[in-house]
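Undergrad: Let me see the structure of the following:
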Amino acid sequence: MFTLLSFLAVVVHGCHPECLCEDLSTVAPICTPVCQEPQCIIQCNQHSGTHVSCTPLNCNVTCPVDQCEADSCPQCETVCGPIVCSPETVACTPLCEETQCTWSCTAPLSCVNANCTEPACSSGTVATVSLIVLFLFILLFL
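TA: Numbering: from 1, shown residues only. Have a look, this model is predicted:
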């Protein structure tokens, strides 16, 4: 559940969500991207009647190390290793769907009874945050 306390932690501390511990200290949760399995095919510029065979695709999802969890989904990409096709005269390349990722965050063990903010893309909190920001802006400045 997204609370006013969670909202304030996101606004005040910016990029990374925070956990409020039982002793009222704040710590950053440990967040990692969780991505769907890459969906890829091999696309070849085939000439009619030419049978093409290729080595199996070896594709993995890679994610930059330092990302901002508070305002966006993980910006990860699918990278495929080289493929070898025959006949070699036919040009073939891997073609992958857009990589879909969300955040999974947990409070550090040192934080007892943590109340943590949810990062963007963890469970649809982006729209909620936007509405709360708009509501508070109206209340504060009108």
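
Undergrad: mind listing what residue 113 touches?
TA: By Cβ atoms under 8 Å, 6 or more residues apart in numbering, the contact set of residue 113 is 21-22. Backbone N, C-alpha and C define where each C-beta goes, glycine included.

Undergrad: Let me know the secondary structure of it.
TA: At residue 113, secondary structure determined by DSSP: H, G, I helix; E, B strand; the rest coil is coil.

Undergrad: so where do the helices sit in the chain?
TA: Taking DSSP state H, the helices of the chain run over residues 4-13, 125-141.

Undergrad: Compare the mean pLDDT across the ones you listed and name the weakest.
TA: Ranked by mean pLDDT, these bottom out at helix 125-141, with a mean of 35.

Undergrad: who are the neighbours in contact with residue 108?
TA: When contacts are counted by Cβ under 8 Å, 6+ apart, residue 108 touches 19, 27, 29-30.

Undergrad: try it again with 7 Å
TA: For residue 108, the contacting residues are 27, 30, by Cβ atoms under 7 Å, 6 or more residues apart in numbering.

Undergrad: ranges for the strands of this protein?
TA: Ranges of strands in the chain, per DSSP state E, are 19-20, 26-27, 30-35, 40-44, 53-54, 59-62, 77-80, 85-86, 92-96, 101-106, 115-116.

Undergrad: Show me which of the ones you listed has the highest average neighbour count.
TA: Ranked by mean neighbour count, those are led by strand 19-20 with a mean of 22 (mean count of other Cβ atoms under 10 Å).

Undergrad: hmm, who's touching it?
TA: For strand 19-20, contacts defined as Cβ under 7 Å, 6+ apart pick out 5, 9, 26-27, 29, 107, 111, 114-116.

Undergrad: In CSV: these, plus distance to residue 87.
TA: Putting the contacts of strand 19-20 into CSV (distance: Cβ to Cβ, whole Å) gives the following:
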residue, distance to residue 87
5, 64
9, 59
26, 61
27, 58
29, 52
107, 56
111, 60
114, 59
115, 62
116, 56
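
Undergrad: any weak-confidence spans in the chain?
TA: Flagging of the chain using pLDDT under 70 yields the residue ranges 1-13, 47-48, 122-142.
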